[in-house]
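J.: using only what follows, build the 3D model:
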Amino acid sequence: MWNKLVGLLLLISQIEVNFSRTAIESPVEWLEQIYREQFDKDYGCKISLGKEFNTKQPLFLVPGTETFYTPLPNTTDLLLHAGEQLELFCTRGFADAKAVPSKTTSIITSCDGDDGFIQNGESYNITQFACKAPVFHVAVRTGGRCFNGASLVKIGFDMGSRFGKIYEACFDENSMQTYYVKHSLSPWNAKHQSTKRPPTFIQGDFYPSLKMTKLYNIESQRKTFERILGSAARADALLNSKQELFLARGHLAAKADFVFGAHQRATFWFINVAPQWQKFNAFNWQRIETGVKDFVARNDLNVTVYTGTYGVLELPDANGDMQPIFLDFDPDNGGRIPVPKVYYKVLHDEQNDAGIVLIGVNNPHATMDEIKDSYMFCKDVSDQISWLKWKRDFIPGGYSYACDVNEFNAVTKHLPLENISYLLT
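T.: Okay, the predicted model is just below:
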């Protein structure tokens, strides 16, 4: 497959092409069109995730493994050769009893060469292998430990003797905070399947005695701020839903980083979020998430992504004294679920021994002097980052900057990384 692409690239480099801007806007788009047309000729089956499946889509696996099939770069299309096998998995079995016995949770089918899939000697449309219910995801403590003795938790799909991991989290059971989550990004993550509405967040058994959904309600936050700061007026001055001044569930591993709808739903665990000011969430953090995906795809990279939080946000109380802010607070027992001072996203390109960390300030009320004094944890190298469409000095939307990974990790000590030689720019 890739040999054909390399040959195509070599051919293009030797010829001059006149691009029609009315039909194709750029050489990249032109290349993608040729690439897609060539693949369509070479492959016997195409599964278009954007057209052929709803939420009851099975998992698509390399047979007998924990490896998920990946789409054609910059598409949501899965392509298979005639005769190529594909494993499908449904947690509660398949919906069509004619195609698959009702209690069966996994089948191996093969492409018939004409967009059909063979099961028990019969050819079926891929949509006939829909699940009875959406594939269910789980969060499981591995028994491993990470920063500060926190628990390593894997999130993904339990398939009996196999586990299809989507990402893992480093979760502190005492403070009830996630230090970071880890997942992978590659060129085929550039596009993702569209889903109609977000699912309900799951707290599992990670937050005993707490009602997490209620804590993310602005009125609950107002009462918590009042208890911490000793003033209803201070709480009212800091929180305003119309101005997006409230604490939202800020995803760490982003929903849109995952191609398949089932994988996207697996990001809706409370251990994969932290309290993030909505203005920041919707502005510079969103730009960082989108920019990272585009950068990885455009440069054909395979990176490990660590997305985390560091520090505890402090705000002045009624007397002007700085107080740490928590999502849950009891005057007698203290706070739980600290509101982070900053969010960070580390990209580690292991193949090229390169990395970069992108950092956003989680305080829309900060001044520039406060940011310089209390939120800059490493030398800013943002002038070397030209691929992000952020407005990094816009404080209400999350003042942002970039650093060398080694320098930042020496401060946080969060990540199990050896020295990274080069800056990923």
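
J.: pop the domain breakdown of this protein in here.
T.: Following automatic domain parsing, one gets these domains for the chain: 1-42, 45-136, 177-423.

J.: got any ranges where the stretch 51-200 of the chain has weak pLDDT?
T.: In the predicted model, the stretch 51-200 of the chain carries pLDDT under 70 at residues 52, 54.

J.: on that earlier part again, put together JSON lines for the domains of the chain, with distance to S151 on each row.
T.: Where C-beta positions appear, they are placed from N, C-alpha and C, glycine not excepted. Listed next are the domains of the chain as JSON lines, based on distance: least, Cβ to Cβ, whole Å:
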{"stretch": "domain 1-42", "distance to S151": "39"}
{"stretch": "domain 45-136", "distance to S151": "21"}
{"stretch": "domain 177-423", "distance to S151": "9"}
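
J.: so where does the residue of the chain most remote from its centre fall, helix or strand?
T.: The centre of the chain is farthest from one residue, N319, which by Cα atoms, centre = their mean lies 39.9 Å away. Counting by DSSP states H and E, no helix or strand carries N319.

J.: how about the backbone phi and psi for it?
T.: phi -100, psi 0 (degrees, to the nearest 10).

J.: where does it land on pLDDT?
T.: N319 is assigned a predicted lDDT (pLDDT) of 94.

J.: wait, what's in contact with the nearest residue to it once chain neighbours are set aside?
T.: Nearest-residue entry for N319: G230, 7.6 Å, with adjacent residues in sequence omitted and distances by Cβ to Cβ, 6 or more residues apart in numbering. By Cβ atoms under 8 Å, 6 or more residues apart in numbering, the contact set of G230 is D317, A318, N319.

J.: may I see the residues you listed arranged in TSV, with distance to L61 as well?
T.: Listed next are these as TSV, based on distance: Cβ to Cβ, whole Å:
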residue	distance to L61
D317	54
A318	57
N319	59
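
J.: is it true that K255 touches T267?
T.: Yes - contact between K255 and T267 holds when scored by Cβ atoms under 8 Å: they sit 4.8 Å apart.

J.: those two - which one has more neighbours?
T.: T267 (25 against 19; other Cβ atoms under 10 Å).

J.: count of neighbours near I395?
T.: By the criterion of other Cβ under 10 Å, I395 has 20 neighbours.

J.: I figured it hits P364, correct?
T.: Yes - counting by Cβ under 8 Å, P364 is a contact partner of I395 at 6.5 Å.

J.: how about E407: what's its closest non-neighbour residue?
T.: C378 (4.2 Å).

J.: what sits against the one you found?
T.: Neighbour list for C378: V357, I359, C403, D404, E407, F408, V411 [criterion: Cβ under 8 Å, 6+ apart].

J.: in strands, which of those appear?
T.: Members of those lying in strands (criterion: DSSP state E): V357, I359, C403.

J.: how near is the first one to V140?
T.: Pointing back at V357 there. Note on V357: its distance to V140, by Cβ to Cβ, to the nearest Å, is 28 Å.

J.: who's more crowded, those two?
T.: Remark: of V357 and V140, V357 carries more neighbours, 27 against 15, as counted by other Cβ under 10 Å.

J.: okay, and the beta partners of that one?
T.: The partner list for V357 in beta bridges (DSSP bridges) reads V346, C403.

J.: is it in contact with Y401, as I believe?
T.: No - counting by Cβ under 8 Å, V357 stays clear of Y401, with 9.4 Å between them.

J.: which one of the domains of the chain lies closest to K165?
T.: K165 lies closest to domain 45-136 among the domains of the chain, at 7.2 Å (Cβ to Cβ).
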